[in-house]
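Peer 1: Have a look; sequence and predicted model below, questions after that.
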Amino acid sequence: MKTNLFDLGGKVALITGASRGIGAEVAALLARQGAHVIVSSRKQDACEKVAQEIRDGGGSASAFACHIGKLEDIEAVFAHVAARHGKLDILVNNAATNPYYGPIVDTDVDAFSKTVDVNIRGYFFMTARACRIMRGRGGVIVNVASVNGVRPGINQGIYSITKAAVINMTKAFALECGPDNIRVNALLPGLTDTKFSSALTTNKELVGELLKTLPLRRYAQPSEMAGTVLYLVSDASSFTTGACINVDGGFLI
């Protein structure tokens, strides 16, 4: 017997950081399941390219540039959603930054501020704004955190700290917004082959050591993260909220 648990027909989904990597794969998969996806990232042309690829494949997609480190951009994207669609069913907070790689004690204030502004403040106000538009109808939010939020990465101190905040933020919103039928969960990716993590995946010596810590002995492809997001935004997870799901090849074991 066929199931419609993963059918997203009629849903409107906003995905940040969707111009490449995990975000682009999530946007494409949600569109294939019937959602209208709003592809969002800092640059309009990059967003439009992904949206056009989705449309060329028969899906429904639009593009809207938003830098989540800027509060005025957050207001603008939600004003667009309200005016164009009148609702939002799904938000995937995927945009993130990691401008500094090095000893935690040498983190400068600019790198600290940029990382916090995007990874904590941006996620917080995107989620808060989404919950306000979802109130009365219900909806689902997925925050893309990281295994570094559980086990800090060496030379990735401030990034790891912000991802730990995202994990707790997910639980806090899930606790308070559950009565409004808004579910909030988190995806915790492990090492994934994206431009974002290329400093690790292109360093043969370093990645070789990292892979020894993974039971599956390989890093993930971005498409391998999208399925978990689909589960979390679909009716298949209708009683799941406040969950933080590791997709890490066994790293946290």
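Peer 2: Noted; the coordinates are in hand.

Peer 1: Please make it C-alpha for all contacts and neighbour counts, starting now.
Peer 2: Fine.

Peer 1: Next, the nearest residue to A172 once chain neighbours are set aside: secondary structure please.
Peer 2: The shortest distance from A172 to any non-neighbouring residue, by Cα to Cα, 6 or more residues apart in numbering, is to G242 (7.9 Å). Classification of G242 using DSSP: H, G, I helix; E, B strand; the rest coil returns coil.

Peer 1: Might you report the residue contacts of G242?
Peer 2: The contact partners of G242, by Cα atoms under 8 Å, 6 or more residues apart in numbering, come to 170-172, 174-175, 183-186.

Peer 1: Quick check: phi and psi on it?
Peer 2: phi 80, psi 10 (degrees, to the nearest 10).

Peer 1: what about the one residue sitting closest to the centre of the chain, distance to V39?
Peer 2: Residue closest to the average C-alpha location in the chain (Cα atoms, centre = their mean): N94, at 2.3 Å. Separation of N94 from V39 (Cα to Cα, to the nearest Å): 11 Å.

Peer 1: Could you report the pLDDT at the residue nearest to A172?
Peer 2: Looking at G242, its pLDDT reads 98.

Peer 1: Mind checking the pLDDT average for stretch 186-193?
Peer 2: pLDDT averaged over stretch 186-193 gives 94.

Peer 1: Quick check: K11 vs L210, distance?
Peer 2: 39 Å.

Peer 1: Please apply the same query to S41.
Peer 2: Distance from S41 to L210, by Cα to Cα: 29 Å.

Peer 1: Counting neighbours around each, name which of the two comes out higher.
Peer 2: S41 (25 against 17; other Cα atoms under 10 Å).

Peer 1: roughly how far apart are the more buried one and K70?
Peer 2: 12 Å.

Peer 1: Repeat that for L30.
Peer 2: 26 Å.

Peer 1: S238 now?
Peer 2: S238 is 32 Å from K70, where distance means Cα to Cα.

Peer 1: Kindly report the same for N155.
Peer 2: Counting by Cα to Cα, the separation of N155 from K70 is 26 Å.
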